[in-house]
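Chemist: everything below, folded, please.
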Amino acid sequence: MADMSEARPPGAATTPPARASRQARRAAAASLIGTTIEFYDFFIYGLAASLVFGSQFFPSFSPVAGTLAALSTFLVGFAARPIGAVVFGHFGDRIGRKRLLVISLLTAGGSTVVTGLLPTYSAIGVAAPVLLVLCRLVQGLGLGGEWGGAVLMAVEHAPPRRRIVFGALPQMGNPAGLVLATVVTLVCTTVLPVREFQSWGWRIPFLLSVTLIIAGVIVRSRLRESPAFDRVRESRQLVRFPLGVLVRRYPRALIAGTLAVTASPAIGLLVAVYLLPYGQRDLHLSTVTMLVLTGVFGVVFFFAIWISAGVSGRFGVRRVSVVGLVSVAIWAVPFFLLLDSRSLPAAVIAYAGVGVTVGAVNGPQATLLADLFPVRVRYSGASLTFQLSSVLGGAITPVVSTALLAATGSGLSIAVWVVAIAVISLVSVTCLHLGSGVDPIEEQGTELAQVA
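Modeler: Presented below is the predicted three-dimensional model:
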């Protein structure tokens, strides 16, 4: 039998369990903080696209067309996210997770700050929306590499029996970033007169990202590399072209994994971004009301992920994912019936309910994707499946929803779309070979961690 010590990084044998536990908690906390910052940047752009960018960057359009044009710039970022997943995934599987996490944070965060400094159409004409699109593309590249790295640092540092819970922490950064972005936007729209907010106040949430970026870089720079990656590197099992290995050896995991998690970004972005102008324009609800409802969704979503992850550790990832997707499909019609009633208490129930259902799906999602691929190509595999699902679900849903609403005049037509996406993800989850990506070297590392 081969000597196990050959597959361990130098010094691993003498690492005290207490120190390893501290590193695991630090990695999990850094993953949560980092994804919160990244999704804050992401949702700030989405909220501004719904509320401001139409008038500031596309003033020659009608109000509806301007909003759609602004949302289109938001969707442009989705095209860059799979590219970011490939680029960051390649180097994350080649040189390690830690360095790429810092780079992704600076890439996405830097573009957010620059967006807050952009001149508008009235100042430089057509160059303004062009620069806006470029900033959104760069932000998409950074976010494309962020999620996979954050998830893997949490999962690969986690104690063997806590992988699902640790993997859920970066997932919780999604609603945490949404709530933070919503609160900042709500404060700005409440404190500032409408004209002042439209003129310059919208820049404040973007510029505040500077402080978050600095905090995130400090936290992440103190992390140690993933133990699982160190073991693969020491055993000389790194691959030169991770994407090629993925396409040749794991096509089923890529396709089924992508479809299995498509429902989550589709419903999440529908509620967090698209329904803002829908509520204002079609239901005649105020901006403040819609932002409060979005915040309710984000808070419930946050805690539902945590609960779902804990339940998954007991009943299994597949069972909880199935229950979550079924609940998404069931809640779609009641959600729009409650929202379209224009009653605030009914709308709160609607948003809280969708937060529970989407949270149930998200809890086990990170570990589900991570375990589809072996360590040597895991950054590329997990990132690419997640970002492709974001394109399929998150980018297409607002366009389809707009078309359905224009054709039928009823929000219930959008509910039919939500049900269809949930069913596609449900079927795909049942086709996954969960745990197939845990390879012998990782099992060996788990055994050594348990002994330690």
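Chemist: so where's the protein uncertain?
Modeler: Applying pLDDT under 70 to the chain flags residues 1-20, 60-72, 74, 434-452.
Chemist: pull the longest helix from it.
Modeler: helix 17-51 (DSSP state H).
Chemist: could you identify the helix or strand that succeeds that one?
Modeler: helix 53-57 (DSSP states H and E).
Chemist: picking that back up, report the buried residues of the longest helix of the chain.
Modeler: 20, 23-24, 26-28, 30-51 (16 or more other Cβ atoms under 10 Å). The way it works is simple: take the backbone N, C-alpha and C, and place the C-beta from them, glycine included.
Chemist: which elements pack onto that helix?
Modeler: helix 63-95, helix 97-117, helix 127-157, helix 163-191, helix 203-207, helix 209-221, helix 275-281 (3 or more Cβ pairs under 8 Å, 6 or more residues apart in numbering; DSSP states H and E).
Chemist: quick one: which of these is nearest A332?
Modeler: A332 lies closest, by Cβ to Cβ, to one member of these: helix 275-281, at 12.9 Å.
Chemist: C-terminal to the closest one, what's the next element?
Modeler: Counting by DSSP H and E, what follows helix 275-281 is helix 287-315.
Chemist: list the buried residues in that next one.
Modeler: Quick answer for helix 287-315 (16+ other Cβ under 10 Å): 287, 289-302, 304-306, 308-309, 311-313.
Chemist: same thing with stretch 95-103?
Modeler: Those would be G96, R97, K98, L100, L101, V102, I103, for stretch 95-103 by 16+ other Cβ under 10 Å.
Chemist: next: stretch 177-191.
Modeler: Result for stretch 177-191 [16+ other Cβ under 10 Å]: buried residues G177, L178, V179, L180, A181, T182, V183, V184, T185, L186, C188, T189.
Chemist: distance of the closest residue in space to the second one that isn't next to it in sequence from V217?
Modeler: This points to L178. Spatial nearest neighbour of L178, chain neighbours left out: G298 (4.1 Å); criterion: Cβ to Cβ, 6 or more residues apart in numbering. As judged by Cβ to Cβ, to the nearest Å, G298 and V217 stand 25 Å apart.
Chemist: do V52 as well
Modeler: V52 is 28 Å from V217, by Cβ to Cβ.
Chemist: please apply the same query to G310.
Modeler: 31 Å.
Chemist: before we move on, what about Y379?
Modeler: 20 Å.
Chemist: which one's more surrounded, the two?
Modeler: Y379 (30 against 17; other Cβ atoms under 10 Å).
Chemist: assign the more buried one to helix, strand or coil.
Modeler: State at Y379, reduced to three classes by DSSP: H, G, I helix; E, B strand; the rest coil: helix.
Chemist: dump the residue contacts of it.
Modeler: F88, G89, G92, D93, R97, L100, G148, G149, L152, P242 (Cβ atoms under 8 Å, 6 or more residues apart in numbering).
Chemist: list just the nearest of those to V419.
Modeler: G148 (28.9 Å).
Chemist: am I right that that closest one is in contact with F88?
Modeler: Yes. With contact defined as Cβ atoms under 8 Å, G148 reaches F88; the gap is 7.1 Å.
Chemist: which one of these two has more residues nearby?
Modeler: Neighbours per residue (other Cβ under 10 Å) separate G148 from F88, with G148 holding more: 33 against 29.
Chemist: just give the nearest non-adjacent residue to that one, would you?
Modeler: S383 is the one closest to G148 (Cβ to Cβ, 6+ apart), at 3.0 Å.
Chemist: check contacts around the one you found.
Modeler: G84, A85, V86, F88, G89, G92, G144, G145, W147, G148, G149.
Chemist: among the residues you listed, which ones are buried?
Modeler: Applying 16+ other Cβ under 10 Å to the contacts of S383 flags G84, A85, V86, F88, G89, G92, G144, G145, W147, G148, G149 as buried.
Chemist: hang on, the earlier thing: V399 is nearest to which of the helices and strands packed on helix 17-51?
Modeler: Using Cβ to Cβ, the nearest of the helices and strands packed on helix 17-51 to V399 is helix 63-95, at 7.5 Å.
Chemist: got the contact list for the residue most central in space within the chain?
Modeler: Centroid-nearest residue in the chain, with Cα atoms, centre = their mean: N174, separated by 5.3 Å. N174 makes contact with T35, F39, G268, F301, N362, according to Cβ under 8 Å, 6+ apart.
Chemist: could I get these as a markdown table with distance to V133?
Modeler: Formatted as a markdown table, the contacts of N174 follow (distance: Cβ to Cβ, whole Å):
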| residue | distance to V133 |
| --- | --- |
| T35 | 24 |
| F39 | 20 |
| G268 | 23 |
| F301 | 29 |
| N362 | 29 |
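Chemist: which of the residues you listed lies closest to H433?
Modeler: Using Cβ to Cβ, the contacts of N174 come closest to H433 at N362, 21.0 Å.
Chemist: was I right to think that closest one contacts S308?
Modeler: Yes. Counting by Cβ under 8 Å, S308 is a contact partner of N362 at 6.8 Å.
Chemist: tell me, what's touching those two both at once?
Modeler: Joint contacts of N362 and S308 (Cβ under 8 Å, 6+ apart) are A168, G324.
Chemist: distance of the closest residue to A80 other than its chain neighbours from G394?
Modeler: Closest residue to A80 apart from its sequence neighbours, by Cβ to Cβ, 6+ apart: G140 at 3.1 Å. G140 sits at a distance of 11 Å from G394 (criterion: Cβ to Cβ).
Chemist: same question for Y274.
Modeler: With Cβ to Cβ as the criterion, Y274 and G394 are 10 Å apart.
Chemist: now Q387
Modeler: Q387 is 10 Å from G394, by Cβ to Cβ.
Chemist: in what helix or strand does L372 lie?
Modeler: Judged by DSSP H and E, L372 forms part of no helix or strand.
Chemist: is it true that it touches Y250?
Modeler: Yes. Counting by Cβ under 8 Å, L372 touches Y250, with 7.3 Å between them.
Chemist: the more surrounded of the two?
Modeler: Applying other Cβ under 10 Å to L372 and Y250 shows that L372 carries more neighbours, namely 25 against 20.
Chemist: how about the more buried one, nearest residue that isn't a chain neighbour?
Modeler: A253 (4.3 Å).
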